[in-house]
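>>> Requesting a structural model of the entry that follows:
(2 chains)
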Protein chains: 2
Amino acid sequence: MAFFPASLENLIDKFASLPGIGRKSAQRLAFHILSLPEGEAEGFANAILEAKAHVNCCKVCQNLTEGEVCSVCASNRRDKSTVCVVSEPRDVLSIERSHEYNGVYHVLHGVLSPISHVGPDDIRITELVKRVSDADSEISEIIMATNPDTEGDATAMYISRLLKPFDVKVTRLAYGIPVGSNLEFADEATLLRAIEGRIEL
Amino acid sequence: MAFFPASLENLIDKFASLPGIGRKSAQRLAFHILSLPEGEAEGFANAILEAKAHVNCCKVCQNLTEGEVCSVCASNRRDKSTVCVVSEPRDVLSIERSHEYNGVYHVLHGVLSPISHVGPDDIRITELVKRVSDADSEISEIIMATNPDTEGDATAMYISRLLKPFDVKVTRLAYGIPVGSNLEFADEATLLRAIEGRIEL
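Numbering: from 1, shown residues only, chains lettered A, B, ... in the order given. All right, here's what the predicted structure looks like:
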């Protein structure tokens, strides 16, 4: 049922193909684009082309960057002996926001997931092992910071086993009650992990 | 806090400027664009440019179209004596879906809204009056199908007064209980309108 002009239908289709955007939202977005001044719509189209053309993966940590090496890996102030392993580029952003971590990163671009047919070769595990096994590697600790769910846990476990032969400490982010929350509302699994991981004061 | 490459930040900004898309969703959409094959991202950018370049307003009914006149206005099978006035192009789609209406349309591209500073000159009211007042006009009925809310009602009322001098019947879509719904859940305003608009069986 194409009641809209073909090029508008096409734009709606494109928006509807994005994750989390349904047919109605896609229509709304396409109408918004049509209502933009000429230059702005062009700017949007160019932003897509330029991001696609310029953004690639850092050859060290696989995080998204525009050059060969990302700003974190290129920095002299970062501690190259500690590597925090995350599943997605946005997780780097979350950790950077805490202003607490001074090491470098490794971005896996996914987690192991047998259900979605994601195996060890589909994410950047080989690159991590290569970084650790490299002759002039200064890495002494790998912090596994994949999400605390089944797939994130399995990925962390898998990688920690792969790294056993090398002389590095593999750690995992602490589980526990989120700061500012209430014991009353903590689920049992979290509470159990919080008790297991209790520390001496 | 630009932790992402500049061109990626720019793309995120563009998505975040769309209506109903927050910062987090914009990130998700931008990452999706980066994960697309080369050709598809280009296709997206082109879809924006082409929709913007080719879509314009039908010179008769102001609905969106690619030619001079839209398919509804160009059709011989449509009854040109009845004009259904709607606020947005998507409303045409909704009415066409009912497969009940055989007249033509007039798209206002908005409703009168003093709060948002939308006055009579900001929407396509002049074009409607011109259509009705035209010497060789065949229009005998105008159906006001703006939304049944304060602004839609006010717009319908305003236009019906403007059209008083001309020899046309101005009607309004019926208010009432939606088909398939339950009296129990109908709000009072709807129920009141349903009682007022009752018909003899």
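
>>> quick one: contacts for the residue nearest to the spatial centre of chain A?
Most central in chain A under CA atoms, centre = their mean is A:Glu88, positioned 1.0 Å from the mean C-alpha point. By CB atoms under 8 Å, 6 or more residues apart in numbering or on different chains, the contact set of A:Glu88 is A:107-110, B:31. (C-beta placed from N, C-alpha, C; glycine too.)

>>> Next, work out how far apart it and B:Ser133 are.
According to CB to CB, to the nearest Å, A:Glu88 stands 61 Å off from B:Ser133.

>>> just A:Ala51 next, same as before
Distance from A:Ala51 to B:Ser133, by CB to CB: 51 Å.

>>> Between those two, tell me which one has more neighbours.
Taking other CB atoms under 10 Å in any protein chain shown, A:Ala51 and B:Ser133 do not tie; A:Ala51 has more neighbours (26 against 14).

>>> My read is that that one contacts B:Asn10, right?
Yes. When contacts are counted by CB atoms under 8 Å, A:Ala51 is listed as touching B:Asn10 (6.9 Å).

>>> quick one, strands of chain A?
Applying DSSP state E to chain A gives strands spanning A:56-57, A:64-65, A:79-86, A:103-107, A:141-144, A:169-172.

>>> I'd like to know which of those strands is closest to chain B.
When those are compared by CB to the nearest CB, strand A:64-65 sits nearest chain B, at 5.5 Å.

>>> Listing partners with orientation, what would you give for the closest one?
strand A:56-57 (antiparallel) (DSSP bridges).

>>> any idea of the mean pLDDT for the strand it pairs with?
Averaged across strand A:56-57, pLDDT comes to 90.

>>> Helix or strand with the lowest mean pLDDT in chain A?
Ranked by mean pLDDT, DSSP states H and E, the weakest helix or strand in chain A is helix A:188-196, scoring a mean of 78.

>>> tell me which residues in that one are buried?
Neighbour-count burial for helix A:188-196, counted by 16 or more other CB atoms under 10 Å in any protein chain shown, picks out A:190, A:194.

>>> what's the answer for stretch A:152-172, then?
Those would be A:152-153, A:155-156, A:159-160, A:162-163, A:168, A:170, A:172, for stretch A:152-172 by 16+ other CB under 10 Å.

>>> Name the nearest of those relative to chain B.
Checking these against chain B by CB to the nearest CB gives A:Gly152 as the nearest, at 17.9 Å.

>>> pretty sure the closest one is in contact with A:Leu112, am I right?
No. Contact criterion CB under 8 Å: A:Gly152 and A:Leu112 do not qualify, at 9.1 Å.

>>> what's the overlap in contacts for A:Ala51 and B:Asn10?
Counting by CB under 8 Å, 6+ apart, nothing touches both A:Ala51 and B:Asn10.

>>> show me what contacts A:Asp91?
Counting by CB under 8 Å, 6+ apart, A:Asp91 touches A:107, A:145.

>>> Could you measure from it over to chain B?
A:Asp91 sits 11 Å away from chain B, going by CB to the nearest CB, to the nearest Å.

>>> just A:Thr126 next, same as before
Taken as CB to the nearest CB, the span from A:Thr126 to chain B is 19 Å.

>>> and that residue, how far is that from A:Ile159?
When distance is defined by CB to CB, A:Thr126 is 11 Å away from A:Ile159.

>>> A:Val83 too?
Separation of A:Val83 from A:Ile159 (CB to CB) stands at 11 Å.

>>> joint contacts of the two?
With CB under 8 Å, 6+ apart as the test, A:Val83 and A:Ile159 both reach A:128, A:142.

>>> from the buried residues of stretch A:152-172, which is closest to B:Ala26?
Nearest to B:Ala26 among the buried residues of stretch A:152-172: A:Gly152, at 24.1 Å, using CB to CB.

>>> Pull the contacting residues for the closest one.
Counted by CB under 8 Å, 6+ apart, A:Gly152 has contacts A:87, A:111, A:146.

>>> Could you count how many residues lie near A:Ile21?
A:Ile21: 22 surrounding residues under other CB under 10 Å.

>>> what's the neighbour count on the nearest residue to A:Glu151 once chain neighbours are set aside?
Spatially, and ignoring its direct neighbours in sequence, A:Glu151 is nearest to A:Val111 (4.4 Å; CB to CB, 6 or more residues apart in numbering or on different chains). A:Val111 sits with 22 neighbouring residues when counted by other CB under 10 Å.

>>> likewise A:Ile123?
Using other CB under 10 Å, A:Ile123 is surrounded by 21 other residues.

>>> ok, it - contacts?
A:87, A:108-112, A:155.

>>> Can you show me the helices along chain A?
Counting by DSSP state H, one finds helices in chain A at the ranges A:6-16, A:23-35, A:38-54, A:71-74, A:89-97, A:125-133, A:150-162, A:188-196.

>>> Compile those helices into CSV and extend it with columns for distance to B:Leu183.
Converted to CSV, the helices of chain A look like this (distance: least, CB to CB, whole Å):
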stretch, distance to B:Leu183
helix A:6-16, 36
helix A:23-35, 28
helix A:38-54, 47
helix A:71-74, 63
helix A:89-97, 49
helix A:125-133, 61
helix A:150-162, 47
helix A:188-196, 44
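
>>> what's the offset of stretch A:22-41 from the middle of its chain?
Here stretch A:22-41 is found 29 Å from its chain centre; the criterion is CA atoms, centre = their mean, to the nearest Å.

>>> That one vs chain B: in contact?
Yes. Using CB under 8 Å from any CB of the partner chain, stretch A:22-41 comes into contact with chain B via A:25, A:27-34, A:36, A:38, A:41.
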